[in-house]
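# I would like to see how this sequence folds:
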Amino acid sequence: MSEPPAGRLVGRLVVLGVSGSIAAYKAPDLVRLLQAEGAEVVALLTPSAERFVARLALEALTRHVVDGDVLGLLPDGRIGHIVAADSADVVVVAPATAHWLASMANGLAGDVVTATCLATSAPVVVAPAMDGEMYAHPATMANVARLRDGFGYRIVEPERGPLASGQSGLGRLAALPSIVDAVVAAAAGAPIRAADPAARPPLAGLPREADLTGRHLVVTAGGTAEPIDPVRIITNRSSGRMGVAVAEAALDRGARVTLIAAGVAVPLPDRATVIRTESTADLRATLLAAIGDRGEPARFDALVMAAAVSDFRPARPAPSKLARGERLTIELEPTPDILAEVHRIVAGLDVDGGTTRSAVLPRPILVGFAAETGSLDRAAAKLARKGLDFLVANDVAEPGSGFGTATNQVTIFRPDAPPDPWPLLPKREVADRLLDLVARRLDERDAADQTGRTAAMGAAAPAARRTEEIER
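Here you go, the predicted structure:
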């Protein structure tokens, strides 16, 4: 097939929605073909699509953050999929699974791709891909007909050929140039909807390199829960979104991640080793086990303690459900400062600060989080008391910076620099910026360790030669 004419989409914004078919692996090639026609491309992923195509690859190609969250916000606070819907010249869904076709035909906005299609007045192009029997099913045929005849969507019919099931039939994703031709036809004759770049999803920086390859990061997320009785608990408002963002960012940068999750309200990355915990005591026991025994090499390179750990717990939880009454008084006691204890173990210190055990080497990088209200005046003292490399502090009373939000506005505290306030950012961007610091500190740690070993070897060499001469 000859190459299509160049420049047919110059100035256009094409929003590419990808759903969870194995044909999703072709999405990067489709991006390149659309860009070759002059289009700016923004990619959206359903949750299942992320299991078939790497978010990082699409971000590197499009220079846009890939949106996979209906609640995702842009750095300026705008709703990501609404901005995409309002500024797109064409929305193309390729591949479109049977599940996605059914959701769209019935107006179910359960993922960012269907939500964008529901919110846009731009033309929509749909390229189905699935097993042949699934595509031939009357339910799928009815959904395709509704999208085509009822909604006015352009359907790029699948092709015949070998399928992922090993069978052969009608269900293969259409040839990518055919999909591009359909996008061009859908946009033809219409003015550019949002020529001003400010009205479009903003360009992002290049994705981070795989600078954590070979590293092991332990990340905690979510809110701990302390039992009052077998039924009732004391907990906090943490959703776990920030910790999960750190875990996902570390995975995308090549790290091996152990995610210790307390109470969370967001999906957990299946690429991580996930350990579920509930109470502060559970979390403490899990972390201490992760550190290992005295004298052993470190089992992880960095700990990012993003979990919201309860500061207090009932002193005497009831063994059975408490009866309802007019009032109830609960005595609370402080929970252990887990991160301070981890620092002491890593440094080989006892509770009084004395060196009573072997330090953990190479020393892991320790990162803590502090949720404050009103001010961050206590953050510097927390940094010193807990012996941290970095403390990420935020005022949860500020708009867009509280629990459960898609954004965060944090200030970074460290022992060797003044506080560094960051603007309001998506939590994923906060995670990436934080891991920039962690990756740099790990490199500095390793370089210092190597320099120390080289110096020690150099000092030992003359002594070894003297011993050899004496033995002669």
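# Can you list the buried residues in stretch 384-395?
K386, G387, L388, D389, F390, L391, V392, A393, N394, D395 (16 or more other Cβ atoms under 10 Å). Any C-beta I mention is one placed from the backbone N, CA and C, and that applies to glycine too.
# I meant to write stretch 216-232 there.
Buried residues in stretch 216-232, defined by neighbour count with 16+ other Cβ under 10 Å: 216-226, 228, 232.
# Can you give me the end-to-end span of it?
End-to-end distance for stretch 216-232: 36 Å, by Cα to Cα, to the nearest Å.
# Return the member of the buried residues of stretch 216-232 nearest to E209.
Nearest to E209 among these, counting by Cβ to Cβ, is L217 at 15.9 Å.
# name the element that closest one belongs to?
strand 216-221 (DSSP states H and E).
# Quickly run through the sheet partners of that strand, with directions.
Using DSSP bridges, the strands paired with strand 216-221 are strand 256-261 (parallel), strand 302-305 (parallel).
# Give me the sheet partners of the next helix or strand after that strand and which way each runs.
The helix or strand immediately downstream of strand 216-221 is strand 226-227, counting by DSSP H and E. Strand partners for strand 226-227, identified by DSSP bridges, are recorded as strand 233-234 (antiparallel).
# what sits up against the next helix or strand after the partner strand?
The C-terminal neighbour of strand 233-234 among helices and strands, as given by DSSP H and E, is helix 241-252. Applying Cβ atoms under 8 Å, 6 or more residues apart in numbering, the external contacts of helix 241-252 come out as 54-56, 207-208, 212, 215, 217, 219-222, 257, 259, 261, 264-269, 271-272, 304, 306-307, 369, 404-406, 408, 427-428, 430-432, 434-435.
# can you check stretch 349-368 too?
So stretch 349-368 is contacted by 291-292, 294-298, 300-305, 339, 342-348, 382-383, 386-392, 434, 438, 441-442, 445-446, 449 (Cβ under 8 Å, 6+ apart).
# Extract the C-alpha trace of it and format it as CSV.
Only the C-alpha atoms of stretch 349-368 are listed here, as CSV (Å, rounded to 0.1, in the frame of the first residue of the first chain):
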residue,chain,number,x,y,z
LEU,A,349,21.2,3.3,66.7
ASP,A,350,19.2,2.5,69.9
VAL,A,351,16.4,4.7,71.3
ASP,A,352,18.9,6.8,73.1
GLY,A,353,21.0,7.5,70.0
GLY,A,354,23.8,5.1,70.9
THR,A,355,25.5,2.9,68.3
THR,A,356,24.6,-0.5,69.5
ARG,A,357,24.1,-2.5,66.3
SER,A,358,25.5,-2.8,62.7
ALA,A,359,24.1,-0.2,60.3
VAL,A,360,22.2,-1.3,57.2
LEU,A,361,24.5,-1.0,54.2
PRO,A,362,24.2,0.4,51.7
ARG,A,363,22.1,2.9,53.6
PRO,A,364,18.5,3.1,52.2
ILE,A,365,17.1,6.5,51.3
LEU,A,366,14.2,7.4,53.6
VAL,A,367,11.3,9.6,52.4
GLY,A,368,8.5,10.7,54.7
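# Tell me which residues of that stretch come out buried.
If you call a residue buried by 16+ other Cβ under 10 Å, then stretch 349-368 has these buried ones: L349, V360, R363, P364, I365, L366, V367, G368.
# got it, and stretch 181-194?
Using 16+ other Cβ under 10 Å as the burial criterion, the residues of stretch 181-194 that qualify are D181, A182, V183, V184, A186, A187, R193, A194.
# so can I have JSON lines of those showing secondary structure, distance to L283 and pLDDT?
Output for the buried residues of stretch 181-194, formatted as JSON lines (DSSP: H, G, I helix; E, B strand; the rest coil; distance: Cβ to Cβ, whole Å; pLDDT from 0 to 100):
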{"residue": "D181", "secondary structure": "helix", "distance to L283": "55", "pLDDT": "97"}
{"residue": "A182", "secondary structure": "helix", "distance to L283": "52", "pLDDT": "97"}
{"residue": "V183", "secondary structure": "helix", "distance to L283": "49", "pLDDT": "97"}
{"residue": "V184", "secondary structure": "helix", "distance to L283": "54", "pLDDT": "97"}
{"residue": "A186", "secondary structure": "helix", "distance to L283": "52", "pLDDT": "97"}
{"residue": "A187", "secondary structure": "helix", "distance to L283": "53", "pLDDT": "96"}
{"residue": "R193", "secondary structure": "coil", "distance to L283": "49", "pLDDT": "95"}
{"residue": "A194", "secondary structure": "coil", "distance to L283": "47", "pLDDT": "93"}
